[in-house]
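> Structural data only, the sequence is not supplied:
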């Protein structure tokens, strides 16, 4: 289910500096945030599987005290190990993706130096709340992931993550009948909160899986390289 059926965007991706020190274009950076357990890491893994044959990509994960998300991606072998790195934030995930982005910037730049040139870097936030947003000095576009098990009132509650992210993903739609979530109401509430900003409803257990989110990423990359 989609609030709008053709993924769209209000304009090209915007970053703090589109070029590396040597003058070459750097990779597009897309951040993925959302509450704990919403399916951010599973979405990152699915995107890697969908895009790895056509793009040169890498992933930076954020956890407070562990490398758990990075270790999951390594176990799933979604990318070669040298293309996955972890940042241990040691504090609220907001700190590392919005307030003091130095550790993440260093991780992204190290990946480009070591395995580049890269087309795309996915930066996954640690699990956070509805206020989680990325600094535009770190990422060029952001995806916010919520899930139906968190309650079908989440889109109505809003918050910066829901209302301002470049793409809102409502994940685990296959669980809706079992947790009493009304997908139609979620779609209407998301539309009311986000106006023309796109929303994708997905279940990674379905045949379509991450198809629509991958198409959105491809469109952002086309804008970035145009």
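Looks like it came in fine. Because the structure is a prediction, the values reported are computed rather than measured.
> Just list the residues touching the residue nearest the centre of the chain, thanks.
Per C-alpha atoms, centre = their mean, the C-alpha nearest to the average position across the chain is that of residue 32, at 2.3 Å. By C-beta atoms under 8 Å, 6 or more residues apart in numbering, the residues touching residue 32 are 40, 43, 44, 122, 123, 124, 125, 142, 143, 144, 145. Where C-beta positions appear, they are placed from N, C-alpha and C, glycine not excepted.
> okay, who's weakest in those residues by pLDDT?
When the contacts of residue 32 are compared by pLDDT, residue 125 scores lowest at 91.
> before we move on, the earlier item: and the residue nearest to the centre of the chain, what are its bridge partners?
On the basis of DSSP bridges, residue 32 is bridged to residue 124, residue 143.
> and what of residue 201?
residue 170.
> just to revisit the earlier point, and the residue nearest to the centre of the chain, how far from residue 156?
Distance of residue 32 to residue 156, given as C-beta to C-beta, to the nearest Å: 22 Å.
> where does this protein dip in pLDDT?
Where the chain drops to pLDDT under 70, the residues are 1-16.
> got a list of what residue 138 touches?
16, 29, 31, 97, 98, 101, 104, 105, 108, 123.
> Pull out the buried residues from stretch 105-112.
Buried residues in stretch 105-112, counted by 16 or more other C-beta atoms under 10 Å: 105, 107, 108, 109, 111, 112.
> ok, and the closest non-adjacent residue to the third one?
Translated: residue 108. In space, and not counting its chain neighbours, residue 108 is closest to residue 121: 5.3 Å by C-beta to C-beta, 6 or more residues apart in numbering.
> show me the contacts for the nearest residue in space to residue 148 that is not next to it in sequence.
In this structure, residue 148 finds its nearest non-sequential neighbour in residue 181, 4.0 Å apart by C-beta to C-beta, 6+ apart. Applying C-beta under 8 Å, 6+ apart, one finds that residue 181 lies in contact with 148, 149, 151, 152, 175.
> again, only using 10 Å
Neighbouring residues of residue 181 by C-beta atoms under 10 Å, 6 or more residues apart in numbering: 147, 148, 149, 150, 151, 152, 153, 154, 170, 172, 173, 175.
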